[in-house]
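> Prediction below, plus the sequence it came from.
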Amino acid sequence: MADSFAFEFVSPERRLMSGDVAQVVVPGWEGEFAVLPGHAPVLSTMRPGTLSILREPGGEPERFFVRGGFADVTPGSLIVLAQQAIAEADLDREALAHAIGNAEEDVADASDDAARARFQEALDHLREIERAL
């Protein structure tokens, strides 16, 4: 059995990774699942959470916060289409705390229900990033 499989990881902004990997842990809507070579075919939506990628067995995982999206698994490949993806190394806790504070103020100061809903969605997204850290 092969010890790797083809992996494509893209977001609307760019291709984040393309190549062979040993394992990917996906934050599926109904729970996390690990994809290994030879995995049964699966099409899953993703919830906000951490996508963890091992390029080689025993290596250090690369982690990305994903806001949601889709994962398409076949026995020889995985394609992840993320709604948004941020490398864990690029997340700044202090800046995130400041952004959450600003978003909370925006929700409190919203002038109508549509604006409040828009601001609340942004706040919820920031809190998901905070939880993923």
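Received, thanks. Numbering: from 1, shown residues only.
> can you pull the buried residues of the longest helix belonging to the chain?
Under DSSP state H, the helix in the chain containing the largest number of residues is helix 113-132. Going by neighbour count (16 or more other Cβ atoms under 10 Å), the buried part of helix 113-132 is Phe119, Ala122, Leu123, His125, Leu126, Glu128, Ile129, Ala132. No exception for glycine: its C-beta is placed from N, CA and C like everyone else's.
> same check, this time on stretch 32-51
Buried-residue list, stretch 32-51, by 16+ other Cβ under 10 Å: Val35, Leu36, Pro37, His39, Ser44, Met46, Arg47, Pro48, Gly49, Thr50, Leu51.
> I'd like these laid out as TSV, including secondary structure and pLDDT.
Output for the buried residues of stretch 32-51, formatted as TSV (DSSP: H, G, I helix; E, B strand; the rest coil; pLDDT from 0 to 100):
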residue	secondary structure	pLDDT
Val35	strand	97
Leu36	coil	96
Pro37	coil	95
His39	coil	95
Ser44	strand	97
Met46	strand	94
Arg47	coil	88
Pro48	coil	83
Gly49	strand	84
Thr50	strand	89
Leu51	strand	95
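> picking that back up, tell me which other helices or strands the longest helix of the chain touches.
strand 49-54, strand 62-66, helix 93-109 (3 or more Cβ pairs under 8 Å, 6 or more residues apart in numbering; DSSP states H and E).
> same thing but 6 Å
helix 93-109 (3 or more Cβ pairs under 6 Å, 6 or more residues apart in numbering; DSSP states H and E).
> Compute the number of surrounding residues for the residue lying closest to Phe119 once chain neighbours are set aside.
In space, and not counting its chain neighbours, Phe119 is closest to Asp106: 4.1 Å by Cβ to Cβ, 6 or more residues apart in numbering. If you count neighbours by other Cβ atoms under 10 Å, Asp106 ends up with 16.
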